[in-house]
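Peer 1: Okay, sequence plus prediction incoming.
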Amino acid sequence: MLVRSLTLKIASWRFTEWLVRKTFLLRPLVRRFIAGESLESAIEIAQRLTSEGYWVTLDYLGENVRSREEAEAAAITFQAMLRRLSASCASGPTPVDRACYLGAEGESPVERGNISIKLTQCGLDLGDDVALEHYRSVTRLAAELKTFVRVDMEHSAYTERTLQLVEKVFAEFPCTGTVLQSYLHRTGEDLDRCVRQGIRLRLVKGAYLEPASVAITDKAEVDRAFEEQSKKLLLEGKYPAIATHDAKVIESLLKFIAEKGIDKRVFEFQMLYGIRRDLQAKLLSEGYNVRVYVPFGESWYPYFTRRLAERPANLLFIVKALFKG
């Protein structure tokens, strides 16, 4: 946790951001995690991934817009993402041996390509009504295109408002779901709340810097919470997404899946673009559904810093560049 806090602190310096954006030596590190700044560059990568058998989620980076115009522009981008996915990697047959269903007779196969959005991109800081308007318009289009919209979970201050808006839109358009962060103290109750309603969940450990009053701060305890919640979702959730790069946790969950006889078709593993590609390939080769989050956009730096915070080796690389610069 100390290294993570230090990384986020160093990354918050303006000079560090300038260095990362401008230094040629750091471009390969950026490209490892970011699929470019344009939708076209992200679609290129998404098409390559789906051709290899992965499923994808396009993630347009950015948060906390300050005007209605910015919120509307984000919603227009989300809609463009849905249309481009529908015309490319989300269309076409899914291989029979990797077909995946939600369980109920007559339901559509799970989408090969979908999108992830943040409600602060939709204008949540301007009011729930602003965010709801744009979120609903995007999800309405997703329903027409028979795909899915995942609402990312942000800082804990937004958790309850996010869940309430997801519940509203889900009641009208069931092709939406959200994310829960295991390290928050409230997540156990939120998980039960969403499972009761049949809302599709993506479970992550949590990447924001939160106080101990709100979140678990001990890594081992976070790992235990994530594993317990994952098991509950695998047994009770509607097509859950288990999002982790932790090989030990995945190994434990695979044993649980085998012991319980859980069908590989009724859940998926999710990983981030550029992280643990070896583990992604291994799970795919073993017949598991693997979805890769493909982040893109000009506002990539905050996302990039959170990825740095997860790998001390990346921090060392940046510090060396700082001294060289």
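Peer 2: Cool, got the structure. Numbering: from 1, shown residues only.
Peer 1: Okay, buried residues for the helix or strand containing residue 162 please.
Peer 2: For residue 162, the host element (DSSP states H and E) is helix 159-172. Using 16 or more other Cβ atoms under 10 Å as the test for burial, helix 159-172 gives 159, 162-163, 165-166, 169-170. Glycine gets a C-beta too; all of them are placed from N, C-alpha and C.
Peer 1: for that helix, packing partners?
Peer 2: helix 128-144, strand 149-151, strand 176-181, helix 187-197 (3 or more Cβ pairs under 8 Å, 6 or more residues apart in numbering; DSSP states H and E).
Peer 1: at 6 Å what do you get?
Peer 2: Where contact means 3 or more Cβ pairs under 6 Å, 6 or more residues apart in numbering; DSSP states H and E, helix 159-172 is packed against helix 128-144, strand 176-181.
Peer 1: Flag the helix or strand of the protein with the lowest per-element mean pLDDT.
Peer 2: Lowest by mean pLDDT, DSSP states H and E among the helices and strands of the chain is helix 312-324, with a mean of 51.
Peer 1: For the closest residue to residue 198 other than its chain neighbours, grab the count of nearby residues.
Peer 2: The shortest distance from residue 198 to any non-neighbouring residue, by Cβ to Cβ, 6 or more residues apart in numbering, is to residue 238 (5.0 Å). Using other Cβ atoms under 10 Å, residue 238 has 19 neighbouring residues.
Peer 1: Could you verify that residue 238 is part of a strand?
Peer 2: No - assigned with DSSP: H, G, I helix; E, B strand; the rest coil, residue 238 falls outside any strand and is coil.
Peer 1: Use 55 as the first number from now on
Peer 2: All right, first residue 55 from here; so that's residue 292.
Peer 1: okay but it is in contact with residue 250, surely?
Peer 2: No - using Cβ atoms under 6 Å, residue 292 is not in contact with residue 250, being 10.6 Å away.
Peer 1: Could I get the full set of helices for the protein?
Peer 2: Ranges of helices within the chain are 56-65, 68-76, 81-87, 93-105, 122-141, 182-198, 213-226, 241-251, 273-290, 301-314, 331-339, 355-363, 366-378, based on DSSP state H.
Peer 1: Residue 167 is nearest to which of the ones you listed?
Peer 2: helix 122-141 (4.0 Å; Cβ to Cβ).
Peer 1: so what does the closest one touch, helix or strand wise?
Peer 2: strand 167-171, helix 182-198.
Peer 1: Out of those, which gets nearest to residue 276?
Peer 2: strand 167-171 (21.8 Å).
Peer 1: any idea how far residue 342 lies from residue 292?
Peer 2: The spacing between residue 342 and residue 292, counted by Cβ to Cβ, to the nearest Å, is 18 Å.
Peer 1: Of the helices and strands packed on helix 213-226, which stretch is the most buried?
Peer 2: Most buried of these, by mean neighbour count (mean count of other Cβ atoms under 10 Å): strand 230-235, with a mean of 23.
Peer 1: So in that sheet, which strands flank that one, and in what orientation?
Peer 2: strand 203-205 (parallel), strand 254-258 (parallel) (DSSP bridges).
Peer 1: Tabulate these (a markdown table), appending mean pLDDT and mean neighbour count.
Peer 2: What follows is the strands paired with strand 230-235, written out as a markdown table (pLDDT from 0 to 100; neighbours: other Cβ atoms under 10 Å):
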| stretch | mean pLDDT | mean neighbour count |
| --- | --- | --- |
| strand 203-205 | 98 | 25 |
| strand 254-258 | 98 | 23 |
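Peer 1: TSV please, covering those and showing distance to residue 232.
Peer 2: Below are the strands paired with strand 230-235 laid out as TSV (distance: least, Cβ to Cβ, whole Å):
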stretch	distance to residue 232
strand 203-205	4
strand 254-258	7
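Peer 1: Select, out of these, the one closest to residue 187.
Peer 2: strand 203-205 (14.4 Å).
Peer 1: got the contact list for that closest one?
Peer 2: 169-170, 192-193, 196, 220, 230-232 (Cβ atoms under 6 Å, 6 or more residues apart in numbering).
Peer 1: chain center to it: distance?
Peer 2: Centroid separation for strand 203-205 versus its chain: 9 Å, with Cα atoms, centre = their mean, to the nearest Å.
Peer 1: Please apply the same query to stretch 282-292.
Peer 2: On the basis of Cα atoms, centre = their mean, stretch 282-292 is displaced by 18 Å from the centre of the chain it belongs to.
Peer 1: Repeat that for stretch 270-285.
Peer 2: Using Cα atoms, centre = their mean, the offset of stretch 270-285 from its chain centre is 18 Å.
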